[in-house]
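Asker: Need a 3D model of the following:
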Amino acid sequence: MTEFILASSSPRRKELLEQLGLNFEIIPSDIDEVLKGNTPGDMVKGLALEKATSVSKKVPEGKIIIGADTIVCIDGIIMGKPADEDDAYIMLKRLSGRVHEVYTGLALINTFKGEILNDYECTEVFINELTDEEIENYIKLREPMDKAGAYAIQGKGSLIVKRIKGCYYNVVGLPLGKLREMLLKWDIDLLKIGV
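Answerer: Below is the predicted model:
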């Protein structure tokens, strides 16, 4: 059975892999998360690869390491996790009534083949027009504080999302369809795991 390592401490990514019935362990990367690259796609691909590479140096052969990084982008501005409540307010105000993109970079390192796959997914998210009171109430829930773009589509943040165009799981933080597509290049089919 293929064993996976998730190079992330994200509870959302953990839940998604558990949902697939994967046999995996979590070893968070210890890199400084600095975005580099000319496009949002290049930035998240690069950071996902750095995370996976850092963890690959700590594990024995025979594992597949999954690294991921997610950002929110609007008007060419990259939004990571808010620094504080004021920052969350600014982010949500900017997203209000508009469409933005969520990018997740995905890096897979196959330690027994010595091969690397690196790609990204992009999803458009349309946010409802929000009043100041709605933004403040959402921030009081504390949900925005550890999420890129200051909202969680799988939580109460779902109430501010009008619609999406693309992969829902990408917005959560791990594009499962893209993950399967990449693993198929190594003849690993997630649909067959557990069968």
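Asker: which residues does the nearest residue to residue 27 once chain neighbours are set aside contact?
Answerer: What sits nearest to residue 27 in space, not counting adjacent residues and going by Cβ to Cβ, 6 or more residues apart in numbering, is residue 55, at 5.0 Å. (Each C-beta comes from the backbone N, C-alpha and C, glycine too.) If a contact means Cβ atoms under 8 Å, 6 or more residues apart in numbering, then residue 55 has 5, 7, 27, 28, 29, 65, 67 as its contacts.
Asker: my guess is the second one contacts residue 29, does it?
Answerer: Yes - Residue 7 is within contact range of residue 29, at 4.8 Å (criterion: Cβ atoms under 8 Å).
Asker: which of the residues in the longest helix along the chain are buried?
Answerer: In the chain, with assignment by DSSP state H, the single longest helix is helix 40-56. Neighbour-count burial for helix 40-56, counted by 16 or more other Cβ atoms under 10 Å, picks out 40-41, 43-56.
Asker: Show me what the helix or strand just after that helix is packed against.
Answerer: Going down the chain from helix 40-56, the next helix or strand is strand 63-74, by DSSP states H and E. Other helices and strands packing on strand 63-74, by 3 or more Cβ pairs under 8 Å, 6 or more residues apart in numbering; DSSP states H and E, are strand 3-6, helix 40-56, strand 77-79, helix 85-95, strand 99-110.
Asker: ok, now which ones touch residue 31?
Answerer: 50, 51, 54.
Asker: Which residues are in contact with residue 36?
Answerer: Contact analysis of residue 36 by Cβ under 8 Å, 6+ apart lists 42, 43, 46, 47.
Asker: if we can go back for a sec, just the buried ones among the contacts of residue 55, please.
Answerer: 5, 7, 27, 29, 65, 67.
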